[in-house]
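**Q** need a structure here:
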Amino acid sequence: MAELENIRGQIDKIDSDLVRLLAERFACSRKIATIKIGMNKAVFDAEREAELLEKIITKAQDEKLSPAIAKAIFDEILHQSRRVQESSGLGDTK
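**A** Here you go, the predicted structure:
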């Protein structure tokens, strides 16, 4: 039972770190929105997202994580990042 609680404690710490890192990532997304507004650029950048997902899939493979799982998670992170940028005044994602 102690081992179970120890591992759950590790998961709790990882989850806390993930939330902190996501907050940091979305803060960067808001900064990017400000820059894109100044450059009159759209929120959605298909080329950038494709490059990013390629790097994520490679990193997942290196870490022995299912690339499909990593892609699914990052698809949602990217979707939410676009929403953050939209709410910063960039408008539609298209």
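
**Q** switch to C-alpha atoms for all contacts and neighbour counts from now on
**A** Fine.

**Q** burial count for the closest residue to residue 82 other than its chain neighbours?
**A** In space, and not counting its chain neighbours, residue 82 is closest to residue 43: 6.2 Å by Cα to Cα, 6 or more residues apart in numbering. The local packing of residue 43 (other Cα atoms under 10 Å) involves 22 other residues.

**Q** One more: the one 5 residues further on?
**A** Neighbours of residue 48 under the rule other Cα under 10 Å: 10.

**Q** Ok, residue 85 next?
**A** Close neighbours of residue 85, defined as other Cα under 10 Å, add up to 27.

**Q** do the same with residue 28
**A** 15.

**Q** same thing with residue 15?
**A** Using other Cα under 10 Å, residue 15 is surrounded by 12 other residues.

**Q** Please identify the buried residues of the helix or strand containing it?
**A** Element membership of residue 15, judged by DSSP states H and E, is helix 2-39. Neighbour-count burial for helix 2-39, with 16 or more other Cα atoms under 10 Å as criterion, is recorded at 26, 29-30, 32-34, 36-37.

**Q** again, but for stretch 53-73
**A** Within stretch 53-73, the residues that count as buried by 16+ other Cα under 10 Å are 53, 56-57, 60, 67, 70-71.

**Q** Select from those residues every entry located in helices.
**A** Within these, residues falling in helices by DSSP state H are 53, 56-57, 60, 67, 70-71.

**Q** check which helix or strand covers the spatially most central residue of the chain.
**A** Centroid-nearest residue in the chain, with Cα atoms, centre = their mean: residue 77, separated by 3.7 Å. According to DSSP H and E, residue 77 maps onto helix 67-85.

**Q** who touches that helix?
**A** 26, 29-30, 32-33, 43-44, 49, 53, 56-58, 60-61, 91, 93 (Cα atoms under 8 Å, 6 or more residues apart in numbering).
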